[in-house]
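K.L.:
here is my input, please return the structure:
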Amino acid sequence: MDMTVTLTAAEIATLVEALDCYEYWELGQDLPRNDGAVFLPGDSFDPTDPYWLTAPTAEESQAIEAIKRTSALAHRMSRLVSG
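P.N.:
Next up is the predicted model:
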């Protein structure tokens, strides 16, 4: 189901910030976090990823996918405001 909602740029910015908080505090609760960021497999610039020395568990994999979806939505919404 598609919906059309009219929002101001400030409202969209608030929603983007809320999604970022949701990603960190709820979805990333049991994942590696550091300095305000949730680290997903492959995020490290180090060839030996210090955050993911073992493969994610089933629960971690679900959280990772939810974070990717949330992040993609936040990115789409941010582009609406920034043009």
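K.L.:
strands of this protein, start to end?
P.N.:
If DSSP state E is used as the criterion, the strands of the chain fall at 33-34, 37-38.
K.L.:
out of the ones you listed, which is closest to residue 11?
P.N.:
Closest of these to residue 11 is strand 37-38, at 24.7 Å (criterion: Cβ to Cβ). Where C-beta positions appear, they are placed from N, C-alpha and C, glycine not excepted.
K.L.:
who touches that closest one?
P.N.:
With Cβ atoms under 8 Å, 6 or more residues apart in numbering as the test, strand 37-38 has contacts from 23, 24, 27, 28, 31, 32, 67.
K.L.:
mind redoing it with 6 Å?
P.N.:
Contacts with strand 37-38, where a contact means Cβ atoms under 6 Å, 6 or more residues apart in numbering, come from 24, 28, 31.
K.L.:
pLDDT score assigned to the last one?
P.N.:
Note on residue 31: pLDDT of 96.
K.L.:
what's the neighbour count on the closest residue to residue 70 other than its chain neighbours?
P.N.:
Computed as Cβ to Cβ, 6 or more residues apart in numbering, the closest residue to residue 70 that is not its neighbour in sequence is residue 23, at 5.0 Å. Residues near residue 23, counting by other Cβ atoms under 10 Å, number 22.
K.L.:
can you pull out the low-pLDDT segments for this structure?
P.N.:
83 (pLDDT under 70).
K.L.:
mind listing what's buried in the longest helix seen in it?
P.N.:
Longest helix in the chain, counting residues (DSSP state H): helix 58-82. Within helix 58-82, the residues that qualify as buried are 60, 63, 64, 67, 70, 71, 74, 77, counting by 16 or more other Cβ atoms under 10 Å.
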